[in-house]
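K.L.:
I'd like to go over a predicted model; first the sequence, then the structure.
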Amino acid sequence: MQPAKVGLVGLGAYAPERVMTNDEWSRYVDTSDAWIVERTGIRRRRIAAEGETTVDLGEKAALAALADAGLGPGDIDELIVATDTPEVYLPDTSSILQHRLGLGAVPTYDLGGSGCAGFVQALDVARSRVLTGKRRVLVVGVELLSRLMSWTDRNTCVLFGDGAGAAVVGEVRRGGEILAVVAGTDGSRAGILGLEVGGTRKPFTLERAQRDEHHAIVMNGREVFREAVHHMSEAAQQVLELAGVTLDEVALVVPHQANLRILQAVAKALDVPAGKVFVNVEEYGNTGSASIPLALVQARAAGRIPAGALVLLTTFGAGFHWAAALVRF
């Protein structure tokens, strides 16, 4: 008997309706469209409406992925949600989303704290679960970063947007096979990017909130740039080697959409022509764990992923965590 081929059975994505331009940010911070575009390549991003939550976004992406796969809630054996912007602190977001989707009493897990690397990490876990007996695992990457960023810090607020993406992982017979995945972590760099208040080290208190003490995302942009470029390009090379594939055989590279300068630097490090790298960061900003699936859905819709195409995913997030995957569509 041939070993099962496990991969992406269906894909879906959702972005909130509100579009926030760079010019709008000038109402909140000392910035301009030219300043933001020059440094990040971002022109617009989506912002969730008041009352719209992480589960709302995740539900819409998940339903789109189920529809794409031609499946219903009863066809899912497990749910994994990758997010750093949970619905509530306790219980986990996956429990709430499970009920919303009507999945029944299937096991659910949150994969949080790894920032933008979360979706590809979750794909790796889901793939392993299918290889060990599950039929199909629903993976959702969702972020509502506009609620966890400082709207007065121009070095971070202009980067982020809200969104969600999802994939159904299961046995595939035609396209979508996940050929290989690699991942890594360097915990010695944990203080460079993160959200410090809210855990046991610095519990959230009214006093800390009044002092505005790091209750929003903080980062050392220069260090993050250097580490992201290094690890995303290295992980990409490692997953190609693991799969026995050359970069010339890859039809499209879909990197985490951090900012345009990082994407350009990764392409240069890999010696990949710009036309082979999918970019949508100018329209959506950095959507964290939603970045990769949102880009995949758009790339496919744009005809950038023909049948049989090899697509390379590579990502990087707080921790530091990094991951890369190779998929044959």
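P.N.:
Looks like it came in fine.
K.L.:
Outline the domain layout of this protein.
P.N.:
Following the assignment in automatic domain parsing, the chain carries domains at 6-174, 179-328.
K.L.:
any idea how far R304 is from L195?
P.N.:
In this view, L195 and R304 are 34 Å apart by Cβ to Cβ, to the nearest Å. (C-beta placed from N, C-alpha, C; glycine too.)
K.L.:
isn't R39 right up against R261?
P.N.:
Yes: with contact defined as Cβ atoms under 8 Å, R39 and R261 form a contacting pair (7.2 Å).
K.L.:
Sort out which residues of stretch 181-194 are buried, please.
P.N.:
V181, V182, A183, G184, T185, R189, I192, L193, G194 (16 or more other Cβ atoms under 10 Å).
K.L.:
Looking at these, spot the one nearest A309.
P.N.:
V181 (17.8 Å; Cβ to Cβ).
K.L.:
list the contacts for the closest one?
P.N.:
With contact set as Cβ atoms under 8 Å, 6 or more residues apart in numbering, V181 has these partners: V120, L123, D124, R127, V239, A323, A324, A325, L326.
K.L.:
Tell me the helix or strand right after the host helix or strand of V120.
P.N.:
Using DSSP states H and E, V120 sits in helix 118-131. Following helix 118-131 in sequence order, the next helix or strand is strand 136-144 (DSSP H and E).
K.L.:
dump the residue contacts of K276.
P.N.:
With Cβ under 8 Å, 6+ apart, K276 has these contacts: V250, A251, L252, V253, A267.
K.L.:
so of those residues, which ones are in strands?
P.N.:
Among the contacts of K276, the ones falling in strands (DSSP state E) are L252, V253.
K.L.:
hmm, back to that, out of the contacts of V181, who has the most neighbours?
P.N.:
Counting neighbours by other Cβ atoms under 10 Å, V120 leads the contacts of V181 with 33 neighbours.
K.L.:
Is T21 in contact with I47, as I believe?
P.N.:
No: here T21 does not reach I47: they are 10.7 Å apart, not a contact under Cβ under 8 Å.
K.L.:
Show me which of these two is the more surrounded one.
P.N.:
More crowded of T21 and I47, by other Cβ under 10 Å: I47, with 22 against 12.
K.L.:
Please report how far that one lies from G285.
P.N.:
Separation of I47 from G285 (Cβ to Cβ): 10 Å.
K.L.:
Mind listing the shared neighbours of those two?
P.N.:
Counting by Cβ under 8 Å, 6+ apart, the residues touching both I47 and G285 are G161.
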